[in-house]
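Participant: I'll drop the sequence and a predicted model, then ask my questions.
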Amino acid sequence: MQTSNKLNFLGIIPARYQSTRFPGKPLVKIDGKTMIRKVWENATLALEKVVVATENEKIKAEVENFGGKVIMTSPEHPSGTDRCAEAVDLYEQTSGQSIDVVLNIQGDEPFLDPEQIKELMAAYEDPETKIATLIKKLYENEDVFDPNEPKVVIDKNNYALYFSRSPVPYLRNIDKSEWISHTDYFKHIGMYAFKRDTLRFIAGLKKTRLESAESLEQLRWLETGLRIKCLETKIDSLSVDSVEDLKRMESVGLLKVYILPE
């Protein structure tokens, strides 16, 4: 699908084989399909153009086996954003098409909801949008204090002011057990969309002090002066960071069986 302004969207799924916590993660089989295939199939329900960007021949073979398009990229990329920047260059060179907006789709979310992609694309109905991402309201106080759930504060126009692993905003003179009932807290959902030229620009940026402190790459963009449009979604994201995540999904009935890659 395209939004009304006829922009040319490309969805890129970065898929790295070597992972400290879960080597070979994109090739784990979930109910008979590899994780990378499930992500790709869900993404194609919202986007006409979707490619997998990887450095690994096994992942390449799997994507080609199920009929997906794959682009081989350098193994040296420090982040999925950098991998996307190389992949869109290669896509434009080989396809002869110019891309207006690149969506960086997380390759470890096998239950990705296509509606989230559509919500993100809608941000580009505003021609001023350069970077867009999704946020979701938190309802449990324990999530506010979970460092694995990055939080975001936004201005009145829904642009990000800051992302943090700590609770933001801090509520002075209120017991921490009651914070969730006194203000709105939003978690960041790590799917991004970039205008093509903006992605090219940020790929050349060096790591900044705030990014190093929080280990959140989007702080590099804010610290450089870029604006990030935040769209609120009601849909949660479920990422697989470890085998324990698969076990939890199995225990609550999200999946029936999983097979780890050899």
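Facilitator: Okay, I see it. Numbers count the residues shown, from 1 in each chain.
Participant: where do the strands sit along this structure?
Facilitator: Secondary structure of the chain (DSSP state E): strands at 9-15, 29-30, 33-34, 50-54, 69-72, 101-104, 131-137, 151-154, 160-164, 186-195, 228-232, 258-259.
Participant: could you dump the ones you listed to CSV with mean neighbour count, mean pLDDT and distance to Val144?
Facilitator: Where you see a C-beta, it was placed from the backbone N, CA and C, and this is true even at glycine. Listed next are these as CSV, based on neighbours: other C-beta atoms under 10 Å; pLDDT from 0 to 100; distance: least, C-beta to C-beta, whole Å:
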stretch, mean neighbour count, mean pLDDT, distance to Val144
strand 9-15, 26, 97, 29
strand 29-30, 18, 97, 30
strand 33-34, 19, 97, 35
strand 50-54, 25, 97, 34
strand 69-72, 18, 98, 39
strand 101-104, 24, 98, 26
strand 131-137, 21, 98, 11
strand 151-154, 20, 98, 7
strand 160-164, 19, 98, 11
strand 186-195, 22, 96, 9
strand 228-232, 20, 98, 17
strand 258-259, 15, 95, 31
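Participant: Identify whichever of those strands lies nearest to Ser242.
Facilitator: Closest to Ser242 of the strands of the chain is strand 258-259 (C-beta to C-beta; 12.2 Å).
Participant: Show me where the stretch 51-200 of the chain has its helices.
Facilitator: 57-65, 80-95, 114-121, 141-144, 196-202 (DSSP state H, counting those that start in this stretch).
Participant: Only the buried residues of the shortest one, if you could.
Facilitator: Of the residues in helix 141-144, Val144 count as buried by neighbour count, 16 or more other C-beta atoms under 10 Å.
Participant: could the strands of the chain go into CSV alongside distance to Asn42?
Facilitator: Shown next, in CSV, are those (distance: least, C-beta to C-beta, whole Å):
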stretch, distance to Asn42
strand 9-15, 10
strand 29-30, 12
strand 33-34, 11
strand 50-54, 10
strand 69-72, 16
strand 101-104, 13
strand 131-137, 15
strand 151-154, 24
strand 160-164, 25
strand 186-195, 12
strand 228-232, 19
strand 258-259, 17
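Participant: follow-up on the earlier one: so for Leu216, which of the helices of the stretch 51-200 of the chain sits nearest?
Facilitator: The nearest among those, by C-beta to C-beta, is helix 80-95 at 11.8 Å.
Participant: Tell me how many other residues crowd the residue lying closest to Ile12 once chain neighbours are set aside.
Facilitator: The shortest distance from Ile12 to any non-neighbouring residue, by C-beta to C-beta, 6 or more residues apart in numbering, is to Cys84 (4.6 Å). By the criterion of other C-beta atoms under 10 Å, Cys84 has 29 neighbours.
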